[in-house]
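S.K.: Need a 3D model of the following:
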Amino acid sequence: MILHCAFEELTAIAAAIERVRHASGSGGVAAPPAVMPDLDALAPRLTGDLEIETIEEQQSVQRALEFLRVDTRDVTDAAILDQHPAAEDAVLAYFEYAHILTVLDRIRHIGDEMRALIDLMTGGARTDDEAREFSFED
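M.R.: Now for the predicted structure:
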């Protein structure tokens, strides 16, 4: 399955990942260790639309985007409270948040579709291992 992404969305996700990595390396608030592999796996793929071949891959992208959504919401809130709702930093933070939120919504829908197809193809009786191994190649 293909996760279609606009240039602005990819840029927002990449910027958020870089901010999180920088904060983790400089003693700032770090991402939980469980989400860092998801962020690290997603970062090099941000060159265009993402091909999602397995439910495990979909879940990894979703976990990364869920974390980034919360992180960018916090950044947006801080920019608004520290400056002004119309301040440039607050507006930029809002758009970063909004782009991540829209991509997150699409990856959630892809996950729902993948689970429905797995259930349809396996008769609904599937194990987690079967779901992980089920491939959605284009």
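
S.K.: all contacts plus neighbour counts: C-alpha atoms, from now on.
M.R.: OK.

S.K.: Need the residue in the chain that's farthest from the chain's center.
M.R.: G123 (29.7 Å; CA atoms, centre = their mean).

S.K.: measure it to L42 for me?
M.R.: G123 sits at a distance of 32 Å from L42 (criterion: CA to CA, to the nearest Å).

S.K.: OK, contacts around F7?
M.R.: Neighbouring residues of F7 by CA atoms under 8 Å, 6 or more residues apart in numbering: G48.

S.K.: Swap in 10 Å and give it another go.
M.R.: By CA atoms under 10 Å, 6 or more residues apart in numbering, the residues touching F7 are L46, T47, G48, D49.

S.K.: hang on, the first one packs against E9?
M.R.: Yes. Between L46 and E9 there is a contact at 9.3 Å, judged by CA atoms under 10 Å.

S.K.: how about the longest helix along the chain: buried residues?
M.R.: Longest helix in the chain, counting residues (DSSP state H): helix 88-122. By neighbour count with 16 or more other CA atoms under 10 Å, helix 88-122 contains the buried residues 89-91, 93-101, 103-104, 107-108, 110-111, 114-115, 118.

S.K.: For L46, give me phi and psi.
M.R.: With angles defined as degrees, to the nearest 10, L46 sits at phi -80, psi 50.

S.K.: Could you provide the contacts of F7 in a markdown table, with additional columns for neighbour count?
M.R.: Converted to a markdown table, these look like this (neighbours: other CA atoms under 10 Å):
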| residue | neighbour count |
| --- | --- |
| L46 | 16 |
| T47 | 12 |
| G48 | 13 |
| D49 | 14 |
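
S.K.: Could I get those in JSON lines, plus columns for secondary structure and distance to D82?
M.R.: Output for the contacts of F7, formatted as JSON lines (DSSP: H, G, I helix; E, B strand; the rest coil; distance: CA to CA, whole Å):
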{"residue": "L46", "secondary structure": "coil", "distance to D82": "31"}
{"residue": "T47", "secondary structure": "coil", "distance to D82": "33"}
{"residue": "G48", "secondary structure": "coil", "distance to D82": "34"}
{"residue": "D49", "secondary structure": "coil", "distance to D82": "35"}
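
S.K.: Sounds good, over and out.
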